[in-house]
Structures are given as structure tokens and as C-alpha cells.
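Enquirer: structure here, sequence nowhere to be found:
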């Protein structure tokens, strides 16, 4: 892979909202559905990772990079392939104005070799690692004509809904006792409480666009240059996976070091947590340990059965005091 001057302007229209996106990026650029599955560096060069959150996009779908003086797109064995100007390609040279199709996304690539030719207002922008808000693409392009309100059943146009009107739409309807909208860390902690106090996984749903509750937080950490081995600004007993806060992260990490024969390091962690903040710096957990502990608790409470992939379109109260949520499945 050869580095070349100049930046790329990627232009596309949000397949759900119709909003125009046009980030200015420097190669190499990875495109995919899962931020953590895309490489952060290639041959010592920092990679700009662009999240296209649709089930039609693979976790690490394709790569834009310079090769022998040419801008190339290289498919990463994706499920649905990478299309260039209407042709399925595993690897291809790109020219400015070429159209990439990745799942429901149609992306126009604009560039010049010397960085000129980009409008002055755009050329002055800083090159950043862009991680747009994850979005869910609707299955058929023909349905994306108007606003999300136009896609809703007529029953959702009123402030309150009769339960029987939901079934009259002939759309799939599921009744559930507890629902968390977002499926992030807040949803995870609340659902963990419910499960601890006796709620079955069949009574609970979490609706969101990331199957890992910490996915957005992990992306923010990566963009803030906090890789998984670095420590977070958090306390030992601030445990999303354990409402009691015991054993905390310090004791867990000390136990891991003790089992590996690192007695001095284990003692340092224990000293930190018992002597902070007067005689020692406050203990902070490693990001990878926090995420791993959430993964373990997610398995224990049956998160995979609780989570549903989807984007919420509307929330309405029913006439009997409950709530109806309309969402687009991925």
C-alpha cells in the first residue's frame, strides 16, 4: 500500500432520512458495519473507519487505499459484495466520480491526486476519523420516498392508539412486559436489575442498533484515543455488570495478576484501591476488562434473547395505559 497526497470526499444520501453526508477523509479508509472489526492501522498508517450500520453491510466490508499511484477499492470477502458503477468487483481502480454501492448505500467518490479540485470551503476542513451515527437501511429502496412519518401505519398518526388497531395493520405485533429503547449501557444496567429481581428474558426486550450494549461507548473511546488496553476514568466499584460493586475491578485485576504470578503488581492494585486518594492515585480499570465483564454478564442474563435489532420510528400510548413502539427491523 502506497501513501498518496490528497483527500477523498465521499458523498451519499442517508437511505432512511434522505440526509446528505459528505465526509472528507484521508486514505486508507475502511467501511463496514462494526467499528471494532475494522483495522485501526495498516502498515503503520492510521485507518479512517466509516460505520455503515445495515445488516446488508459486512462487519468489515471494504477498504479504500492507494496502490501504485491508483486509488483502489478492495472488497474484504463481504457477504453482499462491493459494486463499482453497477459491476460487482473484488478489487478495482477508482476514478473521481465513480459510484460505490455497499448494501443500501450508494457512495460517490471524489478526489484529485494533488488535493486540488476540492472546493475551497471543503478543502479547508480538517481530516478527521468520521464515525457517523449508525443507521438502519430499509429493505427496499422504493419505500424510501418520504419521511419516517409517511412510513408509519395510520394508527400512529393519533396521540393514543387502540390496541386492536395495531393488530389491524397486519404487521407483526409482539406484546412484552418490559422494553428498553436504545439497547445501550443504560438499557443493559436496567435490564440486569430486572433479571436479578426475577424477570424472565422472555418478559424483557432491548431495541437498538448495536448488539453489544457498550458498542457506542467503545467507539467513543477509540475516537478519543483510548484503546482497549488503556484505563478508563472510572472507579473500581463502578461496575455496569454488577449492581453490588463487589468484587470491583481492582480486586478482579489483582486476582488475575496473582494467578499469573505477578504478586507485586497484584499488591499495587490492592494498595491503590485501599489507599486512594490520599496515599495513592485513584485506581481506574482497563477498558478491555470492563467490556469483557459486560460480555460475561450479558451471556448470564440472556442478552442475545433479549436484544432486537431495529430503529424506533414512533412511540405512542395506548388507550389502556401501555405503550406501542413502531420500529424498522434491520
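Expert: Perfect, I can see it now. Please read all numbers here as calculations on a predicted model, not as lab measurements.

Enquirer: can you pull the buried residues of stretch 253-263?
Expert: Within stretch 253-263, the residues that qualify as buried are 253-254, 257, counting by 16 or more other C-beta atoms under 10 Å. To be clear about C-beta, it is placed using only N, CA and C from the backbone, and glycine gets the same treatment.

Enquirer: what does stretch 212-223 give?
Expert: 212-219, 221-222.

Enquirer: and which of those is nearest residue 283?
Expert: residue 221 (18.1 Å; C-beta to C-beta).

Enquirer: what sits closest to the closest one if chain neighbours are left out?
Expert: residue 287 (5.8 Å; C-beta to C-beta, 6 or more residues apart in numbering).

Enquirer: any idea how far the one you found is from residue 269?
Expert: The gap separating residue 287 from residue 269 is 16 Å, by C-beta to C-beta, to the nearest Å.

Enquirer: what does residue 180 give?
Expert: Counting by C-beta to C-beta - residue 180 and residue 269 are separated by 33 Å.

Enquirer: which residues does the residue nearest to residue 221 contact?
Expert: 218, 221, 226-232 (C-beta atoms under 8 Å, 6 or more residues apart in numbering).

Enquirer: check contacts around residue 100.
Expert: 62, 73, 82-84, 94, 106-109.

Enquirer: brain fart, residue 263
Expert: Applying C-beta under 8 Å, 6+ apart, the residues near residue 263 are residue 257.

Enquirer: tell me where the stretch 151-300 of the chain has helices.
Expert: Secondary structure of the stretch 151-300 of the chain (DSSP state H, counting those that start in this stretch): helices at 163-168, 185-196, 215-223, 249-259, 263-275, 287-301.

Enquirer: those helices: lowest mean pLDDT?
Expert: Least confidently modelled of those is helix 263-275, at a mean of 77 by mean pLDDT.

Enquirer: the stretch 1-150 of the chain: helices as residue ranges?
Expert: Under DSSP H, counting those that start in this stretch, the stretch 1-150 of the chain gives helices at 120-123.

Enquirer: just to revisit the earlier point, just give me the closest of the contacts of residue 100 to residue 171.
Expert: Using C-beta to C-beta, residue 106 comes nearest to residue 171 of the contacts of residue 100, at 27.8 Å.

Enquirer: list only buried entries from the contacts of residue 287.
Expert: Neighbour-count burial (16+ other C-beta under 10 Å) applied to these gives 218, 221, 232.

Enquirer: please produce TSV containing these, extended by distance to residue 15.
Expert: TSV is the format used below for those (distance: C-beta to C-beta, whole Å):
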residue	distance to residue 15
218	25
221	28
232	34
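
Enquirer: okay, now the domains of this structure?
Expert: By the assignment in automatic domain parsing, the chain contains the domains 8-139, 148-213+301-329.

Enquirer: average pLDDT for the first one, rounded please.
Expert: Right, domain 8-139. Domain 8-139 comes out at a mean pLDDT of 79.

Enquirer: and residue 80, what does it touch?
Expert: Here residue 80 is in contact with 56-58, 102-103 (C-beta under 8 Å, 6+ apart).

Enquirer: I'd like to know which of the residues you listed is nearest to residue 174.
Expert: residue 56 (23.6 Å).

Enquirer: can you give me the distance of the residue nearest to that closest one when sequence neighbours are not counted to residue 20?
Expert: Of all residues not flanking residue 56 in the chain, residue 103 sits nearest, at 3.2 Å (C-beta to C-beta, 6+ apart). For residue 103, the distance to residue 20 equals 18 Å [C-beta to C-beta].
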